[in-house]
Structures are given as C-alpha cells and as structure tokens.
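> Got a predicted structure here, sequence first:
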Amino acid sequence: MSSPYRDDPHASNGPSGASRRDGAPHADEALDARRSTLDAHGTTPLGRIVATERRPNTAFEFHFWTALDAPVGVGTIVRVQGSTPIDGALPQVYGVVTEGFAYTDLQTPLHDVLGFDGSPAGASWHATERAEIRLYTAAVLRQLPEEPLQPVPMGEVFLADDADVAVALRMDGYLQEGSRTAIPVGVYRAGPMESPVYLDADFLVGPEAAHLNISGVSGLATKTSAVEWLLASLFAHFPESRGSVAAVCFNVKGPDLLFLDQPGTLDAQDEALYARLGVPARPFEKVRYFAPYTAKGFSLATLRSHDDLQENVRPLTWGLNEVLQYAEVLLNKDDVDAKADALIDFITERVVNKAFTDPLLRKTYTVTTFAELEEWFKDLLIAIEGRGAGDTWRTHHVATIRKVRNRLVNIALRCQGLVTDGGAVSDLPWGTFEDRTVYVVDVANLEEDAQDLIFARVVSKLREHLERRDLGVRHVVVFVDELNKYAPGDGQETYVRKMLLDISERGRYLGLVLFGAQQFRSQVHRRVVGNAGTALYGRMDADELATPGYAVLSPAVKTKLATLAKGQLMVRHPHFTQPVFVRFPRPAVLTGRAGVERFPQAAEPTVEAAVTRSLRTLDRGVTLAWVQEVTALHEPREVLAARDRTLMARPDDVRAFFRAQFRGRVPTRAAAPSAAPPAAPLRVVPADDPYGF
Amino acid sequence: MSLPHPATPARDFRGVQRRLGGALRDGLSADGGAPLELRQSLPADPPRLAQAALLEGHAMRAVRVEGEPASGFAAFVDGVQRTRVLGHDQGLPVVHGTVAAVVRVRHNRRFSTWTRGFVVDARVYAPCAWLAPETCAALRDADPRLVDTTRPDAAGELPAPHPLALLDRALSMVKEDREVVEKHVAETWCRVEGEPLFVDGGIQESELVATAPCVAGVVKSHRTLYAEGEGLRTVLGLRRAQRSTVFRVQGSRRTPVASWYLRLRDPAGHDPMWGLVRVEAALLDGESREALTARADRLSRWILAEVSPVALPDARWDRMAYGIYDCERFLRAVC
C-alpha cells in the first residue's frame, strides 16, 4: 500500500520539528539526533519553559522541564532564550533553580500496586517505565533587557556557562579589566560547567557595603575553613588601587587559627580549584601571633607553644594605661554607679600619668601602673580614715573610693597574664600594620573577662587608628567566631556587643570590616547580621532553618543547606539577587587539629626556660645556661619583670639590656669549713635516748 | 492529501475559524465545544459472531502461555482523532477534524517519538451538497482540502440533511483519515526499522503491515467474536495468561491474518471481556504449525509483559498496553 504521506514536504516528523533525514535512522539514533539540536550558542538546550494558568511564570519566577538525565538540580543556574523580540532584541533571562519536582502519570499509588499485582519485586521485569517528568522552578537572577520587566517568556533553557554566570550574577560589572574588584569566593558547578563566582571587593570590605557573616554547624570545617580561604583569596585579589588590607583574627577556641603560616594538605581537586580561581595554594606569608601569658606569667597561654613556632609569637600584655580606658568592659552596672564612674573619671584625668599632689597624701604620685595605683589608694584611704574629719574626699565618699579601689585593682587579678601590675606592655603593632598580614590574637585559653577586654581594646584601637589613617593599612578585616556569644540577639547589653554593632553599622566608612561566624545566625543580633553585605551558609541545622530568618528560602534550598557537603557554601551578596551555591577549596594551611599533632604543645617551662624562649625571639644567641646564670640570684617576679621590660624595649643588645635589669647582688657563699678539729662531746649520749642532750 | 502541521495558523481550529470569518450564516462556535468523540459515539458495527478457520488444531481450546512474560516489542503505534464543530450554516454542521498517529519507540524502558513516526493532519468537513455555492467556496478558501461529507455512498445515495446524520458522516470520515495516518506510520516503520511493533487494533487494513512478521496487532473491542458454540465458551472462559487456538481472520478486501484471543488479566468478578484481547499477526508462507504455535506463544508472552504499568486512568486499561496509552497521551499533548 502506498502512503500519501511519504514524500509530503508538509508532513510533521516530530514534536520538536526535527528535520527529516534521507537515510533510515534507527530509533535510538533519531532520539540522539533530536537531543543534539543546537542553539545559536552551540550548546544543547536542556529544558523548555512551561507555564500554565494555575502555575504561570512571573517576572521573578519561572518553570521548566528537562530530560531525566539533565545535569540540573537545586542551585543550578540556567539561561532562558526567548523567541519573541522585545524592542528588537531577543530577551534572555537568567535564573537559579530553587525547587524541583518529579512525578509520573500515575494518578494514585494504588494504580502502581495494581500494575504489579501487589508485588514490588515485579517491577524489576516490566518492560516499561512510566512517563516521568523533571519539573523545576527557578528564581529570576537577571533579565536582559532589564526594561520592560516582563514575565519570563516561553523558550528553551540552557545550562549557564562562565559568561552566563557572570552576567546572571551581575559580576560582569566588576570583572572588567581596569576596574576589576573581583574576589573569588568559589566555583559554581553544574554538570560539566564549572564557573568561578566572585564577590565585589567594594561590597565585601567597603565602601559600598561591607562585612561578611558565616553560618554553619560546628565540626564540618565550614566556618573557619571558609574564612581562611576567603582571606587568602582577598589577599591575592584585593586590588592595589583600593589600598592595603590586613586581618585581625581572634582565635576563640582550640587551635583553629594557630597554624595559618604552616602548609596544609591539599589534594589534586583542591589544587585545581586554586588554579581555576587564581589564588596561590600556599599558607599565609605574613602571620603574627599574640597571646597573653598564663596566670603564672612564665609562658604564653596558647597552644602554639612549640619551640619551632615561636618566631612570630608575641606576648600580649597591658598595663594600667591600656586597661583603664576600657574598665567599663570589666565593670558592670552594679559595680559602677554614677558616683563610682565619677571617681574613675577623676582618676583617669587627674591621677594616672600625671603628678598628683594632695595635702592628705604622703607624697606626690605619678601613677602609671596598677601597683602604683594600689599604693595611691592605700595612702589616700589611710589619710582619710586617719584625719577623722568626715567620710568624703573631694566629694567622693570613702565607701565609693574603697569600692573603686577594689574593682580597679581587681582587674589585674581577674586578667592575670594579660594585665600586669608593673605596667609592662606588649601590644599589637599599632601604626605599623603591614599589608596582607594576618594578626592572630589567641584568646582561646582566657577567662571571659580577659577575652572581652582584649576584644574591646583591640577593636577600639583599630577604629581609632583607622579614623586617623595611621594604622599602617587602609582596611582591616576583623574575624570573630562565636558571634552567638559576643553579639547575641537577646540578653544584657554588653560593651563587646556595642562594639560589634558599631563596626557593623559604621565600620565600612573607616575600612573596618567584620567577618563574623556563628552556628546559629538567628541568635545573633539582627543589626550585626543585617549589616553584613555578604552572607555565607555552610551546612545548617534543621532547627535553625526553621526559624523565620530563613523563610525566604524554598524548601528545596533549605534541604540542600541541611545536607551541604564539606567545602560547599551558599552565598548571598548584594550583586546576587538570589543565593548561589559554590564550592571552595580546602584552605592551604595546616588545620588546628593537624597542627597540634605536628607541633605538640611544649611542656610547662621553668621560669628560666620561659624567659629563654621569650628572649630568643629577639636574640637567637640567648641560651638557657646564660639566663640561669644571670637570674640565679633573683626572684621569679624580678626575672619576669626584666623579661617584660626587655621585650617591651626590644633593644639592640638584648643580653646586655636584660642583664642590666638586675641590681648587683653578691652571691651568698657557704662558710669554709674550719681547719680546727671538732670539739669533743661533753658526754656520750646513747643513740636511743630521745631526751639526751 | 498534504499534511500541514496543525500548529500552522491556517490549519488549526482557530486559524480556520479566522479564515472563515462570516462565511457561515449561523456563525462560528466559540470554542467548538467538546470534541464530537465525547458527545456522540462513533458509528459502530453491530455485535456478531463469526466463524474462523482454525490454524493450530481441530478445536478452539485454551492454551496456557508458558514462560515469564518478557516483551520484545521495540515500538508502539496508535492514532487519535479530534473532531469539533466549526460552526453552522442554516443549521448544517461544518466540522474541523484533526487526526494524528505516532510511533513511540522504547529505549531503556522509556518511550520517545520515532523521528519518522509522527504524522498529524487537520481538515474541514462540510456538507457541500446542502450548502450554498458561495459558502462552499469560502470553505474551500479556508481549506483547499475540504472534505465533502455529502459524498454519495456506495449506492450513490446522498445523506439526508439531518444535522446529526451529517455529524455521523463527518465522524466516520475523520475516522477513516485517522486510520490512514496510522497505516502510514506503521508502514513506514515496517519499511525502515522492521523491529517488533505493537499496533493498537487490527492490522488487516494495510497489506504491508498485515504481512510484516514484525507486527502484532492487538484488538481491544470485540464487536465481532470469531468463535461460536463451544469455541465461544472456551474463548470467554479463558483465564489469565491463556490464549486460544490460533485461527485465520479474513475480512472482505482485506489481507488474511493469523489471530487468537489472549486473556491479559484475571476476569474473576468482571465481565467476560475483561482483559481479553485479540491478537493479529501475519500469516507467514510455509510456516509450520509448530512454528506458528511458537510464534503465537512468543507474541503472547510479549503482550502479557505489557500489562504493567497499567494504563489507568484510561477506562480500557484492562486491555490496553501502557505503550498505547503513552501514544495516545503523546498525541493528545501535541495535537
């Protein structure tokens, strides 16, 4: 029978309009041929837009279906190629998949049961799979042209390539040569595509926006690793034209940040990522560590105590001058009422660092240390109580004076190791901060009061110097972990939280940038997280994701967040209209855990050994024997004070300076035995007579 | 007969309506309403019993189909039609009919459309003998391939100008066109591919298809039962996975084929036709009885393997293979 259709040029030969072939294709070839239909860009469409009356496309959301094996999932970036020109240009829409659906033509599960006679094993032999759909919902990232803003048109959907990703995320604006401010944050992966994703330095460290916030559950190497990676990326790519940048990191727990200058282990994938993103796969070149002493004052309170790593470790010690300004941090409202506050102000303005004379006092005082302050208080109180003429001195009641004395002098006790009685100071290098340098302040082994004091003073000093433009660098990134603790959303107002709020709200104008991390973003003060222009999310706890702050995320995105693997992040950035998922490489530094294994903590040293270790950071010629000889006649307190003064002065001739700190003292010697024979006993006492003499 | 795609504006329902404009004096249907196939049943042959020559033995008997069901069909073919009233002229219906057929190939247990196996056509069907010449001219302008539903029958009789009779006529003609496109894609497959093909319905219409060893036609309707007496009781009493003796079926001016009944599902609690299909396959020259039996068993096993997934929610799911259901759904989606 001849067919009237055989050579009909109008005959339709497939739903997608695939061209007819003269040969006789096998059915599979035909399928392949249909799949290989190419678009103008030479890439294969992986989906088609669909819209129904019940589920229409809007200007912000659209739907598309794909083949079952299409490399599409939640977080995939796609490009929609419209077919109807708008103002002479074909519209292009970029979107990110936020939800996925799969279903078959099955109307009720019971039909499947019927189909297999109630035996699930029967499914293994049946010849046909039910028709199945992969339907995705995507949120619009960008439309071109941007005006008029229209619903997403029908069209083909393509996997976004590098150029598409740059346009979709509006990175094209800061990737241009000559005005490049792009900081790689990771790569976006979908199927065969692997596209770098960049943050805009102007929106990461200011001045347009600033600050970064990282959330993620603990123990998955997300928060610390991400910050280490991002700092490395920032140091590698921060444009010279934007000035210099340094980082101050507070190590608040364990050895997390203590081996930033030591190379870690990277696999080939990590190295490929570093190469792809143009970041050197090596540890930080310039790292300075600071840690207070332990309460004993011999050694530093840090896990980075191995002898091989002392080159760039410095003590962090402050005296009265450094602390008094921040007494508020350690004194709560119950401690300091208006009267006490007035006395503290009086002491700060009139007593400290000034020659102070009063008829009641024995002498003129110039108070520069806690020890001198204590002496001043003692003299004053004895005089007030001794004169017997009222309980006030210069309008300050004696009880107030006693209270303030107690609270202030107590600071040195509460922050032993950090605050010194004698006024020895070893501080961060204010004014000489160096470009692309990390300054790590290890507060992990300190009491909460000392941590708060360090944090408050360091941040305040950073702000002061940045305001005066004399810090040494133009921008400083401050990394604080555990924001839940330092800037909680509820609870009493603290000095530290006020500081963090201040950085968050005003820091970007100064170049002071907060990189904060926490496990529970919902528990951090909303002005702190709200002011973070960039937010990174690692694997999240499901309970956390159920809080209102995550309501804008689709259920699928939340599920993905709850199951993110190590090395994956969701990124929100001012230029990105929707969150984007990226992978980042392992930091090229030694992890804290590996670091303490490779560089075990040194045993608690003797005073002499501790001093030797400290002085050797200034002079490698200092030996333990030499220190023992010089300090043999002196009390540990004197030895440690001499060490502190030497470290503070950093003299050219360390040994001479150190030796000069000790007053000359004649060594005691045992009397020489007498040449005369010993006197004979008066009588012999029996050995077992306890009363004999 | 040319085959423009119905999506071509000039050929689809709306396109034809636009081209007709005010040509129909009673006006155009707003949307054509529901397809005629849903509003009135297709003209059907009266139920009857027919004798058939047995090819496998001397009596109609039930044969157990042994072995695990495992399908060898590479493709399925089916067609659909959709008929809607374009409008009326002096009470007489003018109809728009769309017919389509498709071959869906199975690859990795999933279906896709065979590139050369999809045909769709749309035409206008009008009672030209009862319409004014200018109306007919306007209709021909709208569709040069206009089909006259008042074509004289074999006896040379014109149909009465009864609107329902004319609708029946239009439906029959659309059905004929649908059978033509089904034949076309099946024949194309047989010529080009030659892999086992599952055809929905009988295969006698096309000599090429009816004689192709790769084809099995599966008939779901049983207006004619090819058994009488005890044989009929045997057929109606078939149990699941049982087939009848193979017999020969030959209609007038049709190619003879081998045929047998096959019960796909357990009929307990249902009517006697539940899960019952009649299989048509080519009569092969020189084929021995044993070879015929083996072929009937093999094809039966293949067909039995197609009972899953079930073709629900189609009302004929007890007799319909999922591959045919897939063809129909595909055609409904794209036509």
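Arrived safely. The structure presented is a predicted model; accordingly, all values stated were derived computationally and were not measured.

> Test for you: state the pLDDT assigned to A:Thr58.
pLDDT recorded at A:Thr58 is 96.

> Report whether it is found in a strand, as I expect.
No: A:Thr58: not assigned to a strand; according to DSSP: H, G, I helix; E, B strand; the rest coil it is coil.

> what's the burial count for it?
For A:Thr58, the neighbour count with other Cβ atoms under 10 Å in any protein chain shown is 11. The way it works is simple: take the backbone N, C-alpha and C, and place the C-beta from them, glycine included.

> wait, it sits on A:Gln150?
No: between A:Thr58 and A:Gln150 no contact is recorded; they are 9.6 Å apart, counting by Cβ atoms under 8 Å.

> And the residue nearest the centre of the chain?
Since no chain was named, I'll use chain A. In chain A, the residue lying closest to the centroid (Cα atoms, centre = their mean) is A:Phe479, at 4.2 Å.

> nope, chain B
B:Gly201 (5.4 Å).

> Hmm, B:Ala216 and that residue touching each other?
No: taking contacts as Cβ under 8 Å, B:Gly201 lies outside contact range of B:Ala216: 11.1 Å.

> Next up, identify which helix or strand A:Glu372 is on.
In the assignment (DSSP states H and E), A:Glu372 maps to helix A:370-387.

> List the buried residues of that helix.
For helix A:370-387, a neighbour-count test (16 or more other Cβ atoms under 10 Å in any protein chain shown) marks A:Phe370, A:Ala371, A:Glu372, A:Leu373, A:Glu374, A:Trp376, A:Phe377, A:Asp379, A:Leu380, A:Leu381, A:Ile384 as buried.

> Pull the contacting residues for A:His396.
By Cβ atoms under 8 Å, 6 or more residues apart in numbering or on different chains, the residues touching A:His396 are A:Lys339, A:Ala342, A:Leu343, A:Phe346.

> Just the buried residues out of these, in ChimeraX syntax.
To isolate the buried ones among those in ChimeraX, judged by 16+ other Cβ under 10 Å, type:
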select /A:339,343
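
> got TSV for the contacts of A:His396, with pLDDT and distance to B:Ala132 too?
Conversion of these to TSV gives the following (pLDDT from 0 to 100; distance: Cβ to Cβ, whole Å):
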residue	pLDDT	distance to B:Ala132
A:Lys339	84	112
A:Ala342	87	111
A:Leu343	88	114
A:Phe346	90	115
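
> Show me the contacts of A:His396 that map onto strands.
Among these, DSSP state E puts none in strands.

> which of the contacts of A:His396 lies closest to A:His575?
Set against A:His575, the nearest of those by Cβ to Cβ is A:Ala342 (50.8 Å).

> gap between the closest one and chain B?
A:Ala342 sits 84 Å away from chain B, taking Cβ to the nearest Cβ, to the nearest Å as the criterion.

> Spatially nearest residue to that residue (excluding sequence neighbours)?
Nearest non-adjacent residue to A:Ala342, counting by Cβ to Cβ, 6 or more residues apart in numbering or on different chains: A:His396, 7.3 Å away.

> In the stretch 351-500 of chain A, where is pLDDT below threshold?
Applying pLDDT under 70 to the stretch 351-500 of chain A flags residues A:388-389.

> Please apply the same query to chain B.
Applying pLDDT under 70 to chain B flags residues B:1-10, B:27-33, B:38-44.

> Okay, strands next: where are they in it?
Taking DSSP E as the test, the strands found in chain B are B:48-49, B:53-54, B:62-64, B:75-89, B:92-107, B:110-126, B:147-148, B:197-200, B:215-219, B:224-225, B:242-244, B:247-249, B:257-263, B:276-282.

> Can you pull the domain assignment for chain A?
Structurally, chain A divides into domains by automatic domain parsing as follows: A:27-118+A:129-168, A:187-313+A:437-595, A:321-414, A:605-660.

> Which helix or strand in chain A has the lowest average pLDDT?
helix A:27-35 (a mean of 39; mean pLDDT, DSSP states H and E).

> So what's the residue count around B:Gly67?
Neighbourhood size, B:Gly67 [other Cβ under 10 Å]: 12.

> For the closest residue in space to it that isn't next to it in sequence, give me its contacts.
Excluding its sequence neighbours, the residue lying closest to B:Gly67 (Cβ to Cβ, 6+ apart) is B:Arg301, at 5.4 Å. B:Arg301 sits next to B:Val65, B:Gly67, B:Glu68, B:Pro69, B:Ala70, B:Ser71 when contact means Cβ under 8 Å, 6+ apart.

> Could you check which residue of the stretch 151-300 of chain A lies nearest chain B?
Residue of the stretch 151-300 of chain A nearest chain B, by Cβ to the nearest Cβ: A:Met154 (13.4 Å).

> Local confidence estimate at that residue?
The model's pLDDT for A:Met154 equals 93.

> which residues touch it?
So, once contact is read as Cβ under 8 Å, 6+ apart, A:Met154 ends up touching A:Arg48, A:Ile49, A:Ala51, A:Gly82, A:Ser83.

> Nearest to chain A, out of the contacts of B:Arg301: which one, please.
Nearest to chain A among the contacts of B:Arg301: B:Ser71, at 3.9 Å, using Cβ to the nearest Cβ.

> The closest one: neighbouring residues, count only.
Neighbour count of B:Ser71, defined by other Cβ under 10 Å: 23.

> so it sits right up against B:Val307, yeah?
No: contact status for B:Ser71 versus B:Val307: not in contact, 10.0 Å apart, counting by Cβ under 8 Å.

> what about the longest helix in chain B?
In terms of residue count, the longest helix belonging to chain B (DSSP state H) is helix B:163-192.

> That one vs strand B:75-89, what angle?
150 degrees (axes from the mean of the first three to the mean of the last three Cα atoms, to 10 degrees).

> Which secondary structure elements does helix B:163-192 sit against?
Applying 3 or more Cβ pairs under 8 Å, 6 or more residues apart in numbering or on different chains; DSSP states H and E, we find helix B:163-192 packed against helix B:36-39, strand B:75-89, strand B:92-107, strand B:110-126, strand B:197-200, helix B:207-210.

> would you list those in TSV and tack on mean neighbour count and distance to A:Lys403?
Output for the helices and strands packed on helix B:163-192, formatted as TSV (neighbours: other Cβ atoms under 10 Å in any protein chain shown; distance: least, Cβ to Cβ, whole Å):
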stretch	mean neighbour count	distance to A:Lys403
helix B:36-39	16	94
strand B:75-89	24	94
strand B:92-107	25	87
strand B:110-126	25	83
strand B:197-200	26	97
helix B:207-210	20	108
